[in-house]
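Peer 1: Need a 3D model of the following:
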Amino acid sequence: MKRIIGISFFLISMVAVNAQLIKTVPPLPTKTQLAWQDMEFYIFMHFGPNTFTDKEWGHGDEPEDIFNPTALDCRQWAKIARDAGAKGIIITAKHHDGFCLWPSEFSTHTVRESKWRDGKGDVLAELSKACKEFGLKFGIYISPWDRNHPKYGTPEYNDVYAKTMTEAVKKYGPIFEMWWDGANGEGPNGKKQVYDFKRFEKVVRKIAPDAVVFSDIGPDIRWVGNESGIASETNWNMLDTAGFKRGAGGPPQDTLGTGNVNGKNWIPAECDVSIRPGWFYHANEDDKVKTPEQLMQLFLKSVGRGSNLLLNVPPDRRGLIHPNDSAALMQFKDQRDAFFRTNLAFRSKVSVSDPRPGFLPELLTDGYRFSHWAPPSGVTKCWIQLEMATPQTFNTISIEEFIEYGQRVAGFTVEVWDGEKFVEVTKGTTIGKKRILQFPQQTSAKVRLNITQSKANPVLSAIKLFNSTVY
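Peer 2: Sure, this is the predicted structure:
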């Protein structure tokens, strides 16, 4: 074991020495964005007055006393999230109705004005503490739209919003993500608010330098363009934002899905979806919770297409995750564990069409994401062949680019040796952080990945093979 670990560190050291030989293809992800992309899966929690009114969008005139989760237990939320394999929780600290789940100094529509815990309750304080206890990252959703605050629709509201964010982060942080919803009521039936988003971005950078900011156009991560939890099969981490605004002025939904192949900014996609038909808890949806099989398919079509999965699990009126949601999450975790348990390509023999001095092909099957291989500069088409000791049965391939140098691959095919020749079993366009593709079950000792199109010489970090019962 010591010898294997020593060899692996030696290989990684060789990569570090030779890394300077690879030219980057900007734009590049920041360290914060890379840390976020490594999370892959985390939980959204819509909770507030809507939980008790059966609304999805509150009007802001709901009496504070309607919020009364008498059995609220944020430790239950965090334990379930952790046991489900989620890496964090994002809570709707303030939804469009303006109700704050903490006793904000800058609002009179908060838990402080409710009868819950005699006005002394604080959901953010309890959830932040529970996340730390269970090893989860903590994020907050603070809606710019506010249907309650008397300053909304005036220049002064920008001051209120900036102070509200600052208060929440300083009291309950650190946070890993600030979530800005693009929904608003501007128009004939709503107040017109000119948001100072440039100022808001500066505020977040100051109070939460290690957090990513989500919105239609970033600046750090983008909406995928749907609320179905599904990323586009072609998914570039880059996006051009010039001329676009958040909300109705955002890029077309298909562009949000695919990104821009030569986009100026590194803004990867996040896939948000609810475990139920609605975002807030509704008792009549208790029998409509997504099945573990449906959740697994969402994982493959979000994380498996280079995005992150933000799965909404709304607490009920007691302030607890409903047993049906919890059961689905635990079985979803079991399915993921079984799916990825055995990497049939681990430490398999690797040969390549275009060797590069100092870069060992075996790094692609060593199990370490940070080790990587690339062909010589200028080579944009190449093949990588895996050869296992004995024939294996498989139906899934997972491929990862080393995105620290930029996203490059624009086309590839996967072939399997049938005893006489290589036969194509699947193909794709982009790879990015991770690409998982399934195909009819094959039994073979040889698999070949052909890179057919790339913006520069491809830099890959991992190729894995699985035989999954989920198909």
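Peer 1: contacts and neighbour counts: CA atoms only from here.
Peer 2: Will do.
Peer 1: just to confirm, which helix or strand has L295 in it?
Peer 2: helix 292-302 (DSSP states H and E).
Peer 1: Now do the helix or strand that comes right after that helix: distance to the chain's middle.
Peer 2: Once the chain leaves helix 292-302, the next helix or strand it forms, by DSSP H and E, is strand 308-312. Offset of strand 308-312 from its chain centre (Cα atoms, centre = their mean, to the nearest Å): 6 Å.
Peer 1: Strand 308-312 pairs with which strands, parallel or anti?
Peer 2: Each strand paired with strand 308-312, and its direction, by DSSP bridges: strand 41-45 (parallel), strand 269-274 (parallel).
Peer 1: Just the CA atoms from the helix holding L295 would do, formatted as PDB, please.
Peer 2: Presented in PDB, the C-alpha positions along helix 292-302 are these (Å, rounded to 0.1, in the frame of the first residue of the first chain):
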ATOM      1  CA  PRO A 292     -35.100   7.400  -6.500                       C
ATOM      2  CA  GLU A 293     -35.000   6.200 -10.100                       C
ATOM      3  CA  GLN A 294     -36.200   9.700 -11.300                       C
ATOM      4  CA  LEU A 295     -33.600  11.400  -9.000                       C
ATOM      5  CA  MET A 296     -30.900   9.200 -10.400                       C
ATOM      6  CA  GLN A 297     -31.800  10.100 -14.000                       C
ATOM      7  CA  LEU A 298     -31.700  13.800 -13.000                       C
ATOM      8  CA  PHE A 299     -28.200  13.300 -11.500                       C
ATOM      9  CA  LEU A 300     -27.000  11.700 -14.800                       C
ATOM     10  CA  LYS A 301     -28.500  14.600 -16.800                       C
ATOM     11  CA  SER A 302     -27.100  17.300 -14.600                       C
END
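Peer 1: For stretch 391-407, which residues meet the burial criterion?
Peer 2: 392, 394-407 (16 or more other Cα atoms under 10 Å).
Peer 1: Those residues in helices, which ones?
Peer 2: With helices taken from DSSP state H, there is no overlap with these.
Peer 1: Tell me where the stretch 151-300 of the chain has strands.
Peer 2: 177-179, 212-215, 221-223, 238-239, 265-266, 269-274 (DSSP state E, counting those that start in this stretch).
Peer 1: now these in JSON lines, with distance to L449?
Peer 2: What follows is those, written out as JSON lines (distance: least, Cα to Cα, whole Å):
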{"stretch": "strand 177-179", "distance to L449": "35"}
{"stretch": "strand 212-215", "distance to L449": "33"}
{"stretch": "strand 221-223", "distance to L449": "29"}
{"stretch": "strand 238-239", "distance to L449": "24"}
{"stretch": "strand 265-266", "distance to L449": "26"}
{"stretch": "strand 269-274", "distance to L449": "25"}
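Peer 1: Would you mind measuring from the nearest residue to G121 once chain neighbours are set aside to T92?
Peer 2: Nearest residue to G121, sequence neighbours excluded (Cα to Cα, 6 or more residues apart in numbering): V111, at 6.4 Å. For V111, the distance to T92 (Cα to Cα, to the nearest Å) stands at 13 Å.
Peer 1: between these two, who's got more neighbours?
Peer 2: Between V111 and T92, V111 has the larger neighbour count (other Cα atoms under 10 Å), namely 26 against 22.
Peer 1: so who does the more buried one touch?
Peer 2: Neighbour list for V111: 64, 67, 99-103, 119-122 [criterion: Cα atoms under 8 Å, 6 or more residues apart in numbering].
Peer 1: State the pLDDT value of it.
Peer 2: Here, the pLDDT recorded for V111 equals 98.
Peer 1: what's the distance between it and I66?
Peer 2: 10 Å.
Peer 1: Check L309 too.
Peer 2: Taking Cα to Cα, one finds L309 at 31 Å from I66.
Peer 1: Tell me which of these two has more neighbours.
Peer 2: Taking neighbours as other Cα under 10 Å, L309 and I66 compare with L309 leading, 29 against 16.
Peer 1: Can you read off the pLDDT for the more buried one?
Peer 2: So, for L309, pLDDT stands at 99.
Peer 1: residue contacts, it?
Peer 2: Here L309 is in contact with 40-42, 229, 270-273, 299, 302-303 (Cα under 8 Å, 6+ apart).
Peer 1: Now the two most distant members of these.
Peer 2: E40 and V273 (14.0 Å; Cα to Cα).
Peer 1: Show me where the stretch 251-400 of the chain has its helices.
Peer 2: Using DSSP state H, counting those that start in this stretch, the helices found in the stretch 251-400 of the chain span residues 253-258, 292-302, 323-340.
Peer 1: where are the low-confidence patches of this protein?
Peer 2: 1-20, 187-189 (pLDDT under 70).
Peer 1: Can you pull the domain assignment for it?
Peer 2: 31-340, 343-466 (automatic domain parsing).
Peer 1: and those domains as JSON lines, adding distance to T24?
Peer 2: Listed next are those as JSON lines, based on distance: least, Cα to Cα, whole Å:
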{"stretch": "domain 31-340", "distance to T24": "13"}
{"stretch": "domain 343-466", "distance to T24": "5"}
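Peer 1: Out of these, the one nearest K23 is which?
Peer 2: Across the domains of the chain, the minimum distance to K23, taken as Cα to Cα, is reached by domain 343-466, at 7.3 Å.
Peer 1: Roughly how far does the residue nearest to S348 when sequence neighbours are not counted sit from W116?
Peer 2: Nearest residue to S348 in three dimensions, chain neighbours excluded: M388, at 4.9 Å (Cα to Cα, 6+ apart). Taking Cα to Cα as the criterion, M388 is separated from W116 by 61 Å.
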